[in-house]
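> Following is a predicted model, sequence given first.
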Amino acid sequence: MRCVNLLSFGDIFPQKTKSFISGMSHKNVQSLDQIVSLCKARGFIFQSSDIYGGLSAVYDYGPLGVELKRNIMNAWWRAMTQEHSNIVGVDAAIFMHPRVWEASGHVEGFNDPMIDDKQSKKRYRADMLIEQHILKLQEKGKGDPAKEAHAAEVQRLLDTAGTRKGMCEDLYEIIMEEEIHAPESGAFDWTEVRQFNLMFKTHYGATSQSDEDAIYLRPETAQGIFVNYKNVLDSARVQVPFGIAQIGKAFRNEVVARQFVFRMREFEQMEMQYFVEPGSDEAHYEQWLEKRMAWHRSIGIREEHLRVAPHPEDKLAHYARAAADIQYKFPIGWQEVEGVHNRTDFDLSRHQEYSGKKLEYFDQKAQKRYVPYVIETSVGLDRTTLMVLSDAYREEDVDGEQRTVLNIHPMLAPMKVGIFPLVKKPELQELAQKIETDLRRSHRVMYDEAGSIGKRYRRQDEAGTPFCITVDFDGLDDQTVTIRYRDDMRQERVSVDQIAGLIDSKMSF
Ligand code: ATP
């Protein structure tokens, strides 16, 4: 979401940083394309239905990607449920009763303002067209006070769109006033701005084709939690404050769906709804915002690439009392990775009204009834994966040679250990395979005997594997191996029976 009022912010990516290792310098990620190519080449993420030309804004995770994504998912699940005695999980179905989406406001209000270029027939999100335009004005106007003031004025108009005539009318007026041309055709030949519902509709049941039986693919996982609130309350012996966590797919027919896995039409969310007593909501909201920022740092994301952007009060969603985005400095700029919202009692009250079922909580101690307020933390799993990859990506010059390396936190790394016999000799292979079998019991490992040791190290660096073990002839005599660390390429000699303990000691957040 678009935001102002930044609480904290970091500087831009350093272009080239001297490492503490002599003869080595590194560059962080410069563009999304670097991540996209690495993901395809190394099997992290592929375009969906690639052999048919691809399906836009839908992606598949490959062998390394699925491991990374699961590790992130497990880290979140553990932090939210295992580490909180009062948070339980659910796994609700994607299909839900159509009335759910009427109650939640999605049928009526889950819209994006869009505008069509009559010449190319391409559709754009009106607010994003204006945002792009502002970025250009800001770039061109640097150092010229009149131009800077103009860019700031357009930003103000965008921020207050919807307060003059209506959202669509205000956005249309800005596009006309600013003479914003279509990015692809260059034409200035627009339709009106219209609202476009983002929910995917389908038909439920074999015989049904009518709109009355329409059913939606859920656009967020949160509603699956709200409709199960009473089931959980009645079965799980929880007391307010308590939370319900869920990880699952969500679907949005996004108008602008580019930028790789940042904005997809099918994606995954990790959401937690925390039910609290009204009046305690503000304190809980602040606590969750802090906790969620701490989680992002704990998984290894650099502090200077994270910031909190609170939503201005006049821009809050209809149900929210306070909201903030946790933003990450992606190669495409600062963007939301997670939303933390104070949803008040909006959702439970609406479901109470639409279902006719009481969703109140009876507070035994205080002997009073109320509909709890909800603090929501909602983070995109795919966006988090992209954030982890972007933050970890480095291109390094090591004494004149280039290596690409992913400095992923060991707990998230798809493969934990690469195991290599120095050469393809049975006695080395035998010891290497024994080490592999031992480690495989508790870690994802990769045995590799193809190519020079240097090449094998590079392959593991690109996969983000934090440790590599090489078995050589000396090791056959004294049962030692060389362990090489991905980040600083340090190598040390350790005995075979120390390997598991050494690796385990690095496996915590
Ligand atoms: P944006 O403003 O970027 O569209 P949003 O404010 O609509 O996001 P929420 O509805 O708050 O997003 O959803 C919570 C999280 O789900 C987001 O922070 C993001 O990480 C993820 N998410 C939302 N839409 C998408 C999408 N189309 N593709 C991938 N992830 C998404």
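That came in fine, so what should we check first?
> The closest residue to the ligand within the chain and W190: what is the separation?
Taking C-beta to the nearest ligand atom, the ligand has its nearest neighbour within the chain at G380, 2.4 Å off. C-beta: built from backbone N, CA, C; applies to glycine. For G380, the distance to W190 equals 31 Å [C-beta to C-beta, to the nearest Å].
> Please identify which of the two sits among more neighbours.
G380 (23 against 20; other C-beta atoms under 10 Å).
> Could you measure from the nearest residue to R369 once chain neighbours are set aside over to S56?
Leaving out its chain neighbours, the residue that sits closest to R369 by C-beta to C-beta, 6 or more residues apart in numbering is E360, at 4.7 Å. With distances taken as C-beta to C-beta, E360 is found 45 Å from S56.
> Would you confirm that the residue nearest to R369 contacts K368?
No - using C-beta atoms under 8 Å, E360 makes no contact with K368, being 9.7 Å away.
> For this protein, what lies in contact range of the ligand?
Within reach of the ligand by C-beta under 6 Å from any ligand atom, the chain has these residues: 1, 220, 252, 254, 263-264, 267, 269, 336-339, 378-380, 382-383.
> which among these end up buried?
Buried subset of the residues of the chain next to the ligand (neighbour count, 16 or more other C-beta atoms under 10 Å): 220, 252, 254, 263-264, 267, 269, 336-339, 378-380, 382-383.
> Pick out whichever of E360 and S56 has more residues nearby.
E360 (16 against 12).
> for the more buried one, what are its contacts?
Q352, R369, Y370, V371 (C-beta atoms under 8 Å, 6 or more residues apart in numbering).
> show me what contacts the first one?
Yep, that's Q352 we're talking about. Contacts for Q352 (C-beta under 8 Å, 6+ apart) come out as K358, L359, E360, V371.
> Please pick the buried ones from the residues you listed.
L359, E360, V371.
> Need those residues in a markdown table (columns: distance to G475 and secondary structure).
Compiled in a markdown table, the buried ones among the contacts of Q352 are given as follows (distance: C-beta to C-beta, whole Å; DSSP: H, G, I helix; E, B strand; the rest coil):
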| residue | distance to G475 | secondary structure |
| --- | --- | --- |
| L359 | 64 | coil |
| E360 | 68 | coil |
| V371 | 66 | coil |
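> Could you measure from the residue lying closest to F110 once chain neighbours are set aside over to P219?
Spatial nearest neighbour of F110, chain neighbours left out: L198 (5.3 Å); criterion: C-beta to C-beta, 6+ apart. From L198 across to P219, the span is 6 Å (C-beta to C-beta).
> So for those two, which sits in the more crowded spot?
Neighbours per residue (other C-beta under 10 Å) separate L198 from P219, with P219 holding more: 20 against 16.
> picking that back up, shared neighbours, L198 and P219?
Common neighbours of L198 and P219, using C-beta under 8 Å, 6+ apart, are F110, R252.
> Mind listing what's buried along stretch 417-433?
Residues V417, G418, I419, F420, P421, L422, L428, Q429, L431, A432 are the ones in stretch 417-433 that count as buried (16+ other C-beta under 10 Å).
> Restricted to helices, list these.
Residues of those located in helices (DSSP state H): L428, Q429, L431, A432.
> pretty sure the second one contacts E436?
No - counting by C-beta under 8 Å, Q429 does not reach E436; the two are 10.0 Å apart.
> helices or strands next to the helix or strand hosting A309 in the packing?
Using DSSP states H and E, A309 sits in strand 306-310. Contact partners of strand 306-310 among helices and strands, from 3 or more C-beta pairs under 8 Å, 6 or more residues apart in numbering; DSSP states H and E: helix 281-298, strand 322-330, strand 333-344.
> Dump the ones you listed to a markdown table, plus distance to R456 and mean pLDDT.
Output for the helices and strands packed on strand 306-310, formatted as a markdown table (distance: least, C-beta to C-beta, whole Å; pLDDT from 0 to 100):
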| stretch | distance to R456 | mean pLDDT |
| --- | --- | --- |
| helix 281-298 | 31 | 98 |
| strand 322-330 | 31 | 97 |
| strand 333-344 | 34 | 96 |
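> Just name the most buried of the ones you listed.
strand 322-330 (a mean of 22; mean count of other C-beta atoms under 10 Å).
> partner residues bridging the closest residue to R292 other than its chain neighbours?
The spatially closest residue to R292, leaving aside those adjacent along the chain, is T377, at 5.3 Å (C-beta to C-beta, 6+ apart). Here T377 shows beta-bridge partners M272, V340, assigned using DSSP bridges.
> What residues does T377 make contact with?
The neighbourhood of T377, defined by C-beta under 8 Å, 6+ apart, consists of M80, E271, M272, Y274, W288, R292, E338, G339, V340.
> how long is stretch 234-250 end to end?
Criterion C-alpha to C-alpha, to the nearest Å; first-to-last residue distance in stretch 234-250 is 27 Å.
> do the same with stretch 55-72
End-to-end distance of stretch 55-72: 25 Å, with C-alpha to C-alpha as the criterion.
> what do you get for stretch 27-34?
Its first and final residues considered, stretch 27-34 spans 12 Å by C-alpha to C-alpha.
> returning to that earlier point: return the list of strands paired to the strand holding A309, each annotated with direction.
If you go by DSSP bridges, strand 306-310 pairs up with strand 322-330 (antiparallel).
> how far off strand 333-344 does the strand it pairs with point, in degrees?
160 degrees (axes from the mean of the first three to the mean of the last three C-alpha atoms, to 10 degrees).
> domain parsing for the protein?
Annotated domains of the chain cover 17-97+211-391, 116-197, 415-505 [automatic domain parsing].
> Mind putting the ones you listed into TSV with distance to V107?
Formatted as TSV, those follow (distance: least, C-beta to C-beta, whole Å):
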stretch	distance to V107
domain 17-97+211-391	8
domain 116-197	8
domain 415-505	43
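> who's in contact with M446?
By C-beta under 8 Å, 6+ apart, M446 lies in contact with M415, V417, G418, I419, Q460, A463, T465.
> neighbouring strands for the helix or strand hosting it, and are they parallel or not?
Secondary structure assignment for M446, by DSSP H and E: strand 445-447. Taking DSSP bridges as the criterion, strand 445-447 forms sheet pairs with strand 417-421 (parallel).
> avg pLDDT for the strand it pairs with?
Strand 417-421 comes out with an average pLDDT of 98.
> Then stretch 86-93?
Stretch 86-93 comes out at a mean pLDDT of 98.
> Quick one: residues in contact with it.
Under the contact criterion C-beta under 8 Å, 6+ apart, stretch 86-93 has outside partners 77, 80-81, 221, 224-225, 227-228, 232, 236, 238-239, 241-248, 272, 274.
> Enumerate the positions of the host helix or strand of D474 that are buried.
Using DSSP H and E, D474 sits in helix 473-478. For helix 473-478, burial by neighbour count (16+ other C-beta under 10 Å) applies to G475.
> where's N28 relative to I35, distance?
N28 is 11 Å from I35, by C-beta to C-beta.
> go on, R383?
13 Å.
> now Q246
Q246 is 28 Å from I35, where distance means C-beta to C-beta.
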